[in-house]
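> From the sequence below, what's the structure:
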Amino acid sequence: MSTLVIVESPTKARTISNYLPSGYRVQASMGHIRDLPASAEEIPPAHKDKSWANLGVDVENDFDPLYVVPKTKSKVVKELKEALKGASELILATDEDREGESISWHLLQVLNPKVPTKRMVFHEITKEAIQAALKNCRSIDENLVHAQETRRILDRLYGYTLSPLLWKKISKGLSAGRVQSVAVRLLVQRERERRAFKTANYWDLKATLEKDKNQFDSKLVTLNGQKVANGSDFDADTGRLIPGRQVTLLDQATATALKERIQDKIWRVSNTEEKPTLRKPSPPFTTSTLQQEANRKLGISARDTMRIAQNLYEQGYITYMRTDSVHLSDQAITAARNCVEQMYGKNYLSPQPRQYTTKSKGAQEAHEAIRPAGSSFRLPRETGLSGLEFALYDLIWKRTVASQMADARITQIAVNIQVENAGFRSSGKRIDFPGFFRAYVEGSDDPEAAIDDQEIILPALSVGDTPNCRKLEAISHDTQPPARYSEASLVKTLESEGIGRPSTYATILGTIIDRGYAQMRNKTLIPTFTAFAVVSLLENHFPDLVDPKFTSKMEETLDDIATGSAQWLPYLDRFYRGEKGLESQVKERESQINSSTAKSVILEDLQATIKIGKYGPYLEVSRGDEILTASIPADLTPADLNPEQVETLLRQKTEGPDKIGLHPETGEPIYLLVGSYGPYVQLGDVSDDNPKPKRASLPKGVKPEDVTLPQAVGLLALPRLLGTHPLTGGKIKASLGRFGPYVVQEQGKEKEYRSLKAGDDILTITLDRALALLAEPKKTRGARGSTKPALKELGKHPDDGELVGLYEGPYGVYIKHGKTNAKMPEGETAETLTLEQALAALAAKTTTAKKTTTKKTTSSTTKKTTSPGSKTSKSKTV
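Numbers count the residues shown, from 1 in each chain. Here you go, the predicted structure:
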């Protein structure tokens, strides 16, 4: 008999098995094995007629959740039960947070083991950590399970009660979420602020001065002893100076006259000041700060950051990646300080070990920051990692090591220079000792280069010195509206306000974009018309549910439930069934919500109403007795819509499209139109003989007003035949597709694609350039510029000579040949698998794929009738 250890993923199973004694068998549950019903299909017949069935929660019976094992997990459960038959002990080794505790509890309920069962938790997958965890197993923490289950039920009640209301009043397919809706409201509020923003214009002077052949800049700061106005002195709502500000506002005429008057006068240093400052290193990463920095430095989304971090953790490279804590263990501090001493020298160590205190609201989850795993940190170059896995590990390594380094010592230098009645200031910065800058500078990929960039060197200047003015410019400035949220800044705001949990932010951000509430453009999140409509409905009728303070208070209560200081059942009852509970609110207000009003979006300065229709947003304008409508392109957001665009869309609807010119060969008119998916050109008119004229979308970045007749002719001529490949004879073409411009080599049915790069023009690219692009390795999706090499090449397939290889996937190693993927044979590893075995597995997969038999299986369904953590479970299988 052996000990069965259950973890969530195959990767984690492979890594942990290296550190367990003989006689231990590790299997993966593939995440959660059961959950609330995801669709009506999963609700068992015995419960379909219940009033609460659509919720999956029996709100009439102490919020008893209805758990089902989805069809996709039936096989996993069967395999785990089979494995348990041969075990004398069961160890549940899922992740250490609430989610992991919940997975273990569900495993316990479904498997119903008859052998001793333990709960094992660890913060990193190293030999020392696993061996220590084996000696310190515990039972399942009921408080953590209660907290996670309450959170899950709360989210279900919120989403499944409000979402149907949005379907009825606005549009089908919309969703509401406890944290998601608050995040969308933040985006909409920021866009409202930007639309309401009144731009102000002001002028100042910038001088280029010279002393001892060294040039430096100086900026006008005072005139007649009074401060010169800058952007911070203006009211964003009016565009005027904030009342009470004692400043001098310069316009173009005043600035130009001042420039002419003082340019050739004597410039004299009136004061110098040097101020020493210290910069301390940032704490090690939490989930939130890792997502923010990965977005800023590596340009990857929160979702991708967590996916990559999960892989690094499960392979044993980093500690657990879902944590709010900035604490480092003594072992980690020693490892980091050893790295500092070896890499940079003792003088770069902080005098005393640094320990950080978590400041975020409701910090919980794991007990240590994200750091390299182990008692000694592997150098990034020694890990064997590549691509984004290497980049993220490198980021974590640098941040952790920097946290134990000495402060950076900086001297801030200010020099005041007077010329006539105008006061100028030059600011400099000298890095006296770089300290932790040597390892890590926030927002910079290259610490050494960042050190150079941060220094602003001024020549030696003393009071009374008279530098020469080499250049003096009058410069115009326009105040800028508040910046839109990036993923990083939205995550930072959500965390600082205590909204949601960092471990859920990646999923929430993904949902906001996937559901069409926001578009990602230039790394910023821009809310859509649908977002405006949904937020307006929730603000007007359910203000508490999108109030950050209310949502933050909910998080605090859920944390209290986790510690046992609050009761979960009374809280759920108050939230849903109370006098002001969600159920009552929705029933009371549904009849009060006018569907036409809910579908309307009113924007300032627009003489038009935007409506959310079945096929997307559209304009509605009253012109006399007539109401005109026009579809709004899918990529046009409230941020982009202005009165001119409204008129263009309406004119195209009433008068027809704008005519660019006539095709030089056919004489047909070429039109510029705006459709649901953006602007495009069209050759000829729509008629019975020509119901679908030739059309071509404008390339990204090309503005409709800039399109010329030759451009339009060229776009309509796509795809362009560039020539033939000198080696293969395949046709080489250039064209424009869904993901942008590309070149393609065609050989029969086989096609090889490459995207064009910055600087390439789809209309002028040459055959030689296309051949060069096609010669480059093909990029794999999501790898951000890196190809995905085979883990192991087994050899060539006898049928076509193509490679048969092993690859690393999200669920472990698999066999790949062409477009066919096959699972590893049972008991084989990458080291033991032969080409013959791989060919047999591929053949079996091909045979299975050709079969058309269908089997209907009923998902296993369980209705929980005991509280989490109960030792006796009375569950019935439906």
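> Strands along the stretch 551-700 of the chain, start to end?
In the stretch 551-700 of the chain, the strands defined using DSSP state E, counting those that start in this stretch lie at 600-601, 609-613, 616-623, 626-631, 658-662, 669-675, 678-683, 695-697.
> How about the stretch 701-850 of the chain?
Using DSSP E, counting those that start in this stretch, strands in the stretch 701-850 of the chain cover 720-724, 731-737, 740-747, 750-755, 792-796, 803-809, 812-817, 820-823.
> Go ahead and name everything in contact with the fifth one.
Under the contact criterion CB atoms under 8 Å, 6 or more residues apart in numbering, strand 792-796 has outside partners 802, 803, 804, 805, 806, 815, 830, 833, 834, 835, 838. (Glycine included, C-beta is placed from N, CA and C.)
> my read: the fifth one touches residue 791, true?
Spelled out, it's residue 806. Yes: between residue 806 and residue 791 a contact is recorded at 4.5 Å, counting by CB atoms under 8 Å.
> Looking at the two, which is more packed in?
residue 806 (19 against 14; other CB atoms under 10 Å).
> need the contact list for that one.
By CB under 8 Å, 6+ apart, the contact list for residue 806 reads 790, 791, 792, 794, 813, 814, 815, 816, 824, 830, 833, 838.
> what about burial for those, which qualify?
794, 813, 814, 815, 816, 824, 833, 838 (16 or more other CB atoms under 10 Å).
> ok, back up a step: any chance of the contacts of residue 806 in TSV with pLDDT as columns?
Shown next, in TSV, are the contacts of residue 806 (pLDDT from 0 to 100):
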residue	pLDDT
790	73
791	71
792	76
794	80
813	73
814	80
815	87
816	87
824	78
830	69
833	77
838	83
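> Quick check: of those, which lies closest to residue 138?
Of all the contacts of residue 806, residue 138 sits closest to residue 813, with 32.6 Å by CB to CB.
> quick one: average pLDDT of stretch 465-472?
For stretch 465-472, mean pLDDT rounds to 96.
> Pretty sure residue 388 sits against residue 297.
No: between residue 388 and residue 297 there is no contact under CB under 8 Å: 11.5 Å.
> Those two: which has the busier surroundings?
When neighbours are counted by other CB under 10 Å, residue 388 comes out ahead of the other of residue 388 and residue 297, with 22 against 18.
> helix or strand for that one, which one?
helix 387-402 (DSSP states H and E).
> just checking, next helix/strand downstream of that helix?
Downstream of helix 387-402 (by DSSP H and E), the next one is strand 408-419.
> So what touches that next one?
209, 218, 262, 265-279, 423-437, 458, 461, 467, 469.
> Mind giving me the packing neighbours of the longest helix seen in the chain?
Counting residues, the longest helix found in the chain (DSSP state H) is helix 142-169. When contacts are defined as 3 or more CB pairs under 8 Å, 6 or more residues apart in numbering; DSSP states H and E, helix 142-169 sits against strand 57-58, strand 64-69, helix 98-111, helix 529-541, helix 548-563, helix 568-577, helix 582-590, helix 595-598.
> The closest residue to residue 378 other than its chain neighbours: what's it in contact with?
Leaving aside its chain neighbours, residue 378 sits nearest to residue 372 (6.4 Å; criterion: CB to CB, 6 or more residues apart in numbering). By CB under 8 Å, 6+ apart, the contact set of residue 372 is 317, 318, 319, 335, 378, 393, 396, 397, 400.
> try residue 470
Per CB under 8 Å, 6+ apart, neighbours of residue 470: 208, 209, 210, 215.
> And those residues, which of them are buried?
Taking 16+ other CB under 10 Å as the criterion, what is buried in these is residue 209.
> for the contacts of residue 470, which one is nearest residue 329?
residue 215 (51.2 Å).
> Kindly state the beta-bridge partners for the closest one.
For residue 215, the beta-bridge partners under DSSP bridges are residue 210.
> Please tell me how far it sits from residue 267.
From residue 215 across to residue 267, the span is 13 Å (CB to CB, to the nearest Å).
> One more: residue 604?
Look at residue 604 and residue 267: by CB to CB, they are 47 Å apart.
> Let me see the residues that make contact with stretch 592-609.
Contacts to stretch 592-609, defined as CB under 8 Å, 6+ apart, come from residues 165, 168-171, 195-196, 529, 532-533, 536-537, 541, 610-613, 617, 619-621, 638, 641-643, 646.
> no, scratch that, I was asking about stretch 818-826
797, 800, 802, 806, 809, 812-816, 833, 837-838, 840-842, 844-846.
> Need the pLDDT of residue 364.
At residue 364, pLDDT is 48.
> Likewise for the one 5 residues further on?
At residue 369, the pLDDT value in this model is 93.
> ditto for residue 618
At residue 618, pLDDT is 90.
> pretty sure it is touching residue 629, no?
Yes: using CB under 8 Å, residue 618 is in contact with residue 629, at 5.4 Å.
> If you count surrounding residues, which of these two has more?
Taking neighbours as other CB under 10 Å, residue 618 and residue 629 compare with residue 618 leading, 20 against 15.
> Nearest residue to the more buried one in space, please, no chain neighbours.
Residue 618 sits nearest to residue 631 (CB to CB, 6+ apart), 5.0 Å away.
> Contact partners for the one you found?
615, 616, 617, 618, 619, 649, 675, 676.
> what's the distance between it and residue 613?
From residue 631 to residue 613 the distance is 8 Å (CB to CB).
> do residue 49 as well
Taking CB to CB, one finds residue 49 at 35 Å from residue 613.
> Could you do residue 517 as well?
In terms of CB to CB, residue 517 sits 17 Å off from residue 613.
> Which of those two has more residues huddled nearby?
Set residue 517 next to residue 613 and count neighbours by other CB under 10 Å: residue 517 wins out with 24 against 14.
> Surely that one is in contact with residue 185?
No: using CB under 8 Å, residue 517 is not in contact with residue 185; the gap is 10.1 Å.
> Torsion angles phi and psi at residue 486?
Main-chain dihedrals, residue 486, degrees, to the nearest 10: phi -90, psi 170.
> thought it was touching residue 524?
Yes: assessed by CB under 8 Å, residue 486 is found in contact with residue 524 at 5.4 Å.
> Can you check which residues contact both of the two?
Overlap of the contact sets of residue 486 and residue 524 (by CB under 8 Å, 6+ apart) is empty.
> mind checking which helix or strand residue 482 is in?
In the assignment (DSSP H and E), residue 482 maps to no helix and no strand.
> Distance-wise, check it relative to residue 191.
Applying CB to CB, the value for residue 482 to residue 191 is 10 Å.
> In terms of neighbours, single out the busier of these two.
More neighbours surround residue 191 than the other of residue 482 and residue 191, with 26 against 12 (other CB under 10 Å).
> Could you give the bridge partners of the closest residue to that one other than its chain neighbours?
With sequence-adjacent residues excluded and distances taken as CB to CB, 6+ apart, residue 191 is closest to residue 527, at 5.2 Å. Using DSSP bridges, the beta-bridge partners of residue 527 come out as residue 518.
> I'd assumed residue 517 was in contact with residue 527.
Yes: using CB under 8 Å, residue 527 is in contact with residue 517, at 6.5 Å.
> Give me the common contacts of these two.
Contacts common to residue 527 and residue 517, judged by CB under 8 Å, 6+ apart, are 184, 187.
> Now do the same contact list for the nearest residue to residue 664 once chain neighbours are set aside.
Leaving aside its chain neighbours, residue 664 sits nearest to residue 713 (6.7 Å; criterion: CB to CB, 6+ apart). Going by CB under 8 Å, 6+ apart, residue 713 touches 663, 664, 670.
> go on, residue 747?
Taking CB under 8 Å, 6+ apart, one finds 728, 729, 730 in contact with residue 747.
> just to revisit the earlier point, mark which of the contacts of strand 408-419 are buried, thanks.
209, 218, 262, 267, 269, 272, 279, 423-424, 426, 428, 430-431, 434-437, 458, 461, 467, 469.
> Now, the residues you listed that are in strands?
Per DSSP state E, strands hold the following members of the buried ones among the contacts of strand 408-419: 209, 218, 269, 272, 279, 423, 424, 426, 428, 430, 431, 469.
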